[in-house]
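[1] Kindly return the folded structure for what I paste below:
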Amino acid sequence: MSATVALRILVWTFVALGFLALAGAALVPPAPPQLEAHPAPASPLTDPMPIPRNLDSAASLVATRNLFRRSRQPSPISSGAAAPTTQPGVPKPVLRLAGLVVGADPSAVIEGFPGLEGPRVVRVGDVIGQLTVRRVDSALVEVTGMDTTWVLRVRRP
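    Presented below is the predicted three-dimensional model:
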């Protein structure tokens, strides 16, 4: 017997079994549903909630019952996650490189130092407030401080 003949027999067998299953389902009536002899125990979801009479009692009801848990009770396990206590710090300045002077002693003209009005001429190592000028070269200036490093480049018009 070749593989093709065996495959055809297998396919026709499954087709015949499918027709038998359909005929059996059509001829045999479905079984009636079984009714429980005793009622199911009341669950927290089916417990009747008291209907509040005014807004204050509704607020206290919401506060005393955890509406998002099935048991309507607080979780027995604490998550241990506390809200982060972040205090607003000093805002970081917006520095802008206005110009560069390159040579034996390179310097830069920077605007936006906190507490100072207008541009300032700075060199490597200068400290202005909490900011320190780390590097000045022909293409950029690097300023560090306040947990930040600024890399300033001259804008081309």
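[2] which of the residues in the helix or strand of the chain with the lowest mean pLDDT are buried?
    When the helices and strands of the chain are scored by mean pLDDT, DSSP states H and E, helix 55-64 comes last with a mean of 73. Along helix 55-64, no position meets the burial threshold by neighbour count (16 or more other C-beta atoms under 10 Å). Using the backbone N, CA and C atoms, a C-beta is placed for each residue, glycine as well.
[3] That helix: how far from the chain's middle?
    Relative to the centre of its chain, helix 55-64 is centred 31 Å away, using C-alpha atoms, centre = their mean, to the nearest Å.
[4] what's the answer for stretch 106-122, then?
    Centre-to-centre, stretch 106-122 and its host chain are 39 Å apart (C-alpha atoms, centre = their mean).
[5] what residues does that stretch touch?
    By C-beta atoms under 8 Å, 6 or more residues apart in numbering, the residues outside stretch 106-122 that reach it are 90, 93-101, 123-124, 128-131, 133, 136-138, 141, 143, 152.
[6] How about stretch 126-137?
    Taking C-beta under 8 Å, 6+ apart as the rule, stretch 126-137 contacts 93, 95, 100, 102, 106-108, 113-116, 120, 122-125, 141-146, 149.
[7] which of the contacts of stretch 106-122 are buried?
    Judged by 16+ other C-beta under 10 Å, buried ones among these: 93, 95, 97-98, 100, 124, 128, 131, 133, 136, 141, 143, 152.
[8] between those, which is closest to Val28?
    In terms of C-beta to C-beta, no member of these lies closer to Val28 than Pro93, at 83.2 Å.
[9] Checking my notes, that closest one in a strand, right?
    No: under DSSP: H, G, I helix; E, B strand; the rest coil, Pro93 sits outside any strand and is assigned coil.
[10] quick one: which helix or strand includes the residue nearest to it when sequence neighbours are not counted?
    Leaving aside its chain neighbours, Pro93 sits nearest to Pro114 (4.7 Å; criterion: C-beta to C-beta, 6 or more residues apart in numbering). Under DSSP states H and E, no helix or strand contains Pro114.
[11] re earlier: for the buried ones among the contacts of stretch 106-122, give me JSON lines that also has pLDDT.
    Below are these laid out as JSON lines (pLDDT from 0 to 100):
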{"residue": "Pro93", "pLDDT": "91"}
{"residue": "Leu95", "pLDDT": "94"}
{"residue": "Leu97", "pLDDT": "93"}
{"residue": "Ala98", "pLDDT": "91"}
{"residue": "Leu100", "pLDDT": "92"}
{"residue": "Val124", "pLDDT": "95"}
{"residue": "Ile128", "pLDDT": "93"}
{"residue": "Leu131", "pLDDT": "94"}
{"residue": "Val133", "pLDDT": "96"}
{"residue": "Val136", "pLDDT": "94"}
{"residue": "Val141", "pLDDT": "95"}
{"residue": "Val143", "pLDDT": "96"}
{"residue": "Leu152", "pLDDT": "94"}
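[12] Cool, thanks, signing off.
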